[in-house]
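In: Have a look at this prediction, sequence included:
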Amino acid sequence: MESEPEIYVSDSQYIKEGVKGFTFYSLKGSHVPESINRRYRDFEALRKKMVERWPGIFIPKLPNKKKVGNKGKNISIIRVEMLNRFLKKISKINYLINSEEVKLFLQNKSNFAKTLDGLKEQSYEELAKKYFSTFIEYDSNFDTITGKNEQDQFEKKLIETLPKIKNFISLVSSAMERYRDEQENYAEVINMLSFYEKESLTNFVNNEEDKLVILNNKNKELGQNISDSKTQLINPYDRLYSAIIEDYLNCESMIEALEGLKTLQDTYNKLNKTLLNINIELSDLQMGKSTMKTMFKNKEKEITKLNNEKNNLEKSINELGEVIKVATFNMQKEIKEFKISELNNYYAELSRIENDTSKNSKIFDDLWENIIKDKNISEFK
């Protein structure tokens, strides 16, 4: 028996308030202590805070609320599906499902965004401790410089790939609509045959039902086939469309994480530049030189102040350097898993398409087989 998901949206409810309205999404699951209602903006606030507090780490992307796509489904159903995809991805990443941010998300408090803002800003020391305790497989012999170069090349490929995936999304969307039209046209053929039998053919067979084919109620199997052809046909492009959207979001998330790493490195470089300027200033003061900045200040006090700043900066630089090393090492692992996952997802989609089209073919084959083997047609042959 399959275990209950850690977190999932079980239902949505639209509530009108004056001229405006909003939707609540009910959360349930093994990680949810009680039923909790969250708005879409709460999901956005959760992800934003995770990106902020896990810099340089892959955080699954939340699809844009307005870009729901797929005209064949109710918008509320689509939004529940995409929120559940986000929650499922979060649930598979142990350090995210057990993070402070998610724990707050699952507390039954109405003003979630305000609660999140209450999280204190992390120091570099705290961030380093968190990363070392989270990514315990870190290898201190890892070549960070080589890792950064490889990651820069991979990010470049991702950026080049994004517009191509976007074009593919458009192609799949068009194919999805065309296939849906074909399904509707096919159903219309059966409807027209039914109309013809009812309105015209019955007059030629003296209203004898057993002389008909489509409207012959005695042929229960054919009746079931007709029903199946109208209700059980699957559009194989529906799930492919969703998969490509997810592919696009995964690429965006990976680029975002790589950019987060670059931001950490930029901060590291700026701190080192500031440290260099402090060392120059200290050296000048210790050699008895004065600047416009220190001319009217007590040199001893200024030296003490600069030494304190220097010590604090060196501590921050070392801690941030450790964060960058661990995050860069982890990114190598993320990229490897990302590539494998993308291939496996593609193979899975091909299998699903084959399965869906096979089911559709069987429905059509069964339908026409039962039409052709109808006793009236058999006797005619």
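Out: Okay, I see it. Bear in mind the structure is a predicted one, so any value in this text is a computation, not a measurement. Numbers count the residues shown, from 1 in each chain.
In: C-alpha only now, for contacts and for neighbours.
Out: Noted.
In: dump the residue contacts of residue 204.
Out: Listed by Cα atoms under 8 Å, 6 or more residues apart in numbering, residue 204 has no contact partners.
In: Just the element for residue 15, please.
Out: strand 8-17 (DSSP states H and E).
In: helices or strands up against the following helix or strand past that strand?
Out: Sequence order places strand 20-28 as the next helix or strand after strand 8-17, per DSSP H and E. Judged by 3 or more Cα pairs under 8 Å, 6 or more residues apart in numbering; DSSP states H and E, strand 20-28 is in contact with strand 8-17, strand 36-38, helix 40-53.
In: Which one of these lies nearest to residue 364?
Out: For those, proximity to residue 364 was assessed by Cα to Cα; strand 8-17 is nearest, at 34.2 Å.
In: roughly how far is that closest one from the heart of the chain?
Out: Centroid separation for strand 8-17 versus its chain: 20 Å, with Cα atoms, centre = their mean, to the nearest Å.
In: and if you look at stretch 194-209?
Out: Here stretch 194-209 is found 54 Å from its chain centre; the criterion is Cα atoms, centre = their mean.
In: Rounded mean pLDDT for that stretch, please.
Out: On average, the pLDDT along stretch 194-209 is 88.
In: And stretch 234-246, by the same measure?
Out: Rounded mean pLDDT across stretch 234-246 is 89.
In: circling back: out of the helices and strands packed on strand 20-28, which gets nearest to residue 354?
Out: strand 8-17 (28.6 Å).
In: Neighbouring strands - and their directions - for that closest one?
Out: Sheet pairing of strand 8-17 (DSSP bridges) gives strand 20-28 (antiparallel).
In: how big is the angle separating the strand it pairs with from helix 40-53?
Out: Using axes from the mean of the first three to the mean of the last three Cα atoms, to 10 degrees, one finds that strand 20-28 and helix 40-53 are set 60 degrees apart in direction.
In: From the rest of the structure, what touches strand 20-28?
Out: Strand 20-28 is contacted from outside by 6-16, 34-40, 80, using Cα under 8 Å, 6+ apart.
In: I would like the residues contacting stretch 98-111, please.
Out: 32-34, 36-37, 42, 46, 49-50, 96-97, 112, 115-116.
In: among these, which ones are buried?
Out: With burial judged by 16 or more other Cα atoms under 10 Å, the buried subset of those is 32, 36-37, 42, 46, 49-50, 96-97, 112, 116.
In: hang on, the earlier thing: deepest in the core, which of the helices and strands packed on strand 20-28 is it.
Out: Compared across those, strand 36-38 shows the largest average neighbour count, a mean of 20 (mean count of other Cα atoms under 10 Å).
In: where does it sit relative to the chain's centre, distance-wise?
Out: 20 Å.
In: One more: stretch 105-113?
Out: Per Cα atoms, centre = their mean, the displacement of stretch 105-113 from the mean C-alpha position of its chain is 22 Å.
In: now do stretch 359-373
Out: So, by Cα atoms, centre = their mean, the centroid of stretch 359-373 is 38 Å from its chain's centroid.
In: if we can go back for a sec, could you export the contacts of stretch 98-111 as TSV, including distance to residue 207 and pLDDT?
Out: Compiled in TSV, those are given as follows (distance: Cα to Cα, whole Å; pLDDT from 0 to 100):
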residue	distance to residue 207	pLDDT
32	62	88
33	64	83
34	62	82
36	60	89
37	58	90
42	63	92
46	66	95
49	71	95
50	70	96
96	69	95
97	66	94
112	68	84
115	73	86
116	72	87
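In: Could you dump these into CSV and include distance to residue 169?
Out: As requested, the contacts of stretch 98-111 are exported to CSV (distance: Cα to Cα, whole Å):
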residue, distance to residue 169
32, 34
33, 38
34, 38
36, 34
37, 32
42, 27
46, 27
49, 29
50, 28
96, 29
97, 30
112, 34
115, 37
116, 34
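In: mind saving the C-alpha coords of the host helix or strand of residue 133 as PDB?
Out: Here residue 133 is covered by helix 124-134, with elements defined by DSSP H and E. The C-alpha coordinates for helix 124-134 follow below in PDB (Å, rounded to 0.1, in the frame of the first residue of the first chain):
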ATOM      1  CA  TYR A 124      27.700  33.600   7.400                       C
ATOM      2  CA  GLU A 125      28.700  31.500  10.400                       C
ATOM      3  CA  GLU A 126      25.200  30.100  10.800                       C
ATOM      4  CA  LEU A 127      24.900  29.500   7.100                       C
ATOM      5  CA  ALA A 128      28.200  27.600   7.100                       C
ATOM      6  CA  LYS A 129      27.100  25.400  10.000                       C
ATOM      7  CA  LYS A 130      23.800  24.700   8.300                       C
ATOM      8  CA  TYR A 131      25.400  23.700   5.000                       C
ATOM      9  CA  PHE A 132      28.000  21.500   6.700                       C
ATOM     10  CA  SER A 133      25.400  19.700   8.800                       C
ATOM     11  CA  THR A 134      23.100  19.300   5.700                       C
END
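In: Alright, I will stop here.
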